[in-house]
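**Q** sequence and predicted structure are below.
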Amino acid sequence: PHDTTRETFISKTKEVRRRMPWTDEEVETLLTGLNKFGPGKWREIKEWGKGLMRDELGAPEHLLHSTRTNVDLKDKARILCKHGLVDRVYGKFDD
């Protein structure tokens, strides 16, 4: 049976990754990171979004899923720009 709810792809290292929908919190974190660090700073945004914040008990709160890559962030930012959710002031997301 073919799983139509989740698509998979094989990376260059032959690992299979399931595509995971972005949560609202992840999108908000990406947008905040773009404002804080600017476009092209995908690694910095990723590291900041994966552990900077702490919850009320002091534990790290991961606002970006641990499987998100720099390319995932860039691709999502490009999609948000295409849909008018990010200003073109960020320019092209080529970095």
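**A** Nice, I can see it.
**Q** residue 25: what's it in contact with?
**A** Applying C-beta atoms under 8 Å, 6 or more residues apart in numbering to residue 25 gives the contacts residue 63. Backbone N, C-alpha and C define where each C-beta goes, glycine included.
**Q** look up phi and psi at it.
**A** phi -70, psi -40 (degrees, to the nearest 10).
**Q** ok, residue 65 next?
**A** phi -60, psi 140.
**Q** who are the contact partners of it?
**A** Contacts of residue 65 by C-beta under 8 Å, 6+ apart are 20, 23, 26.
**Q** need those residues in CSV with neighbour count and secondary structure, can you?
**A** As requested, the contacts of residue 65 are exported to CSV (neighbours: other C-beta atoms under 10 Å; DSSP: H, G, I helix; E, B strand; the rest coil):
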residue, neighbour count, secondary structure
20, 12, coil
23, 12, coil
26, 20, helix
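**Q** now distance to residue 86 and pLDDT too, for these, in a markdown table please.
**A** A markdown table is the format used below for the contacts of residue 65 (distance: C-beta to C-beta, whole Å; pLDDT from 0 to 100):
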| residue | distance to residue 86 | pLDDT |
| --- | --- | --- |
| 20 | 20 | 88 |
| 23 | 17 | 89 |
| 26 | 14 | 89 |
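**Q** per-residue pLDDT, residue 80?
**A** If you check residue 80, the pLDDT there is 90.
**Q** which residue packs closest to residue 71, ignoring adjacent ones?
**A** residue 42 (7.7 Å; C-beta to C-beta, 6 or more residues apart in numbering).
**Q** nope, residue 20 is what I was after
**A** Distance criterion C-beta to C-beta, 6+ apart; nearest residue to residue 20, sequence neighbours excluded, is residue 65 at 6.2 Å.
**Q** circling back to that earlier point, and the contacts of residue 65, which is closest to residue 74?
**A** residue 26 (13.9 Å; C-beta to C-beta).
**Q** contacting residues for the closest one?
**A** Here residue 26 is in contact with 49, 63-65, 68 (criterion: C-beta under 8 Å, 6+ apart).
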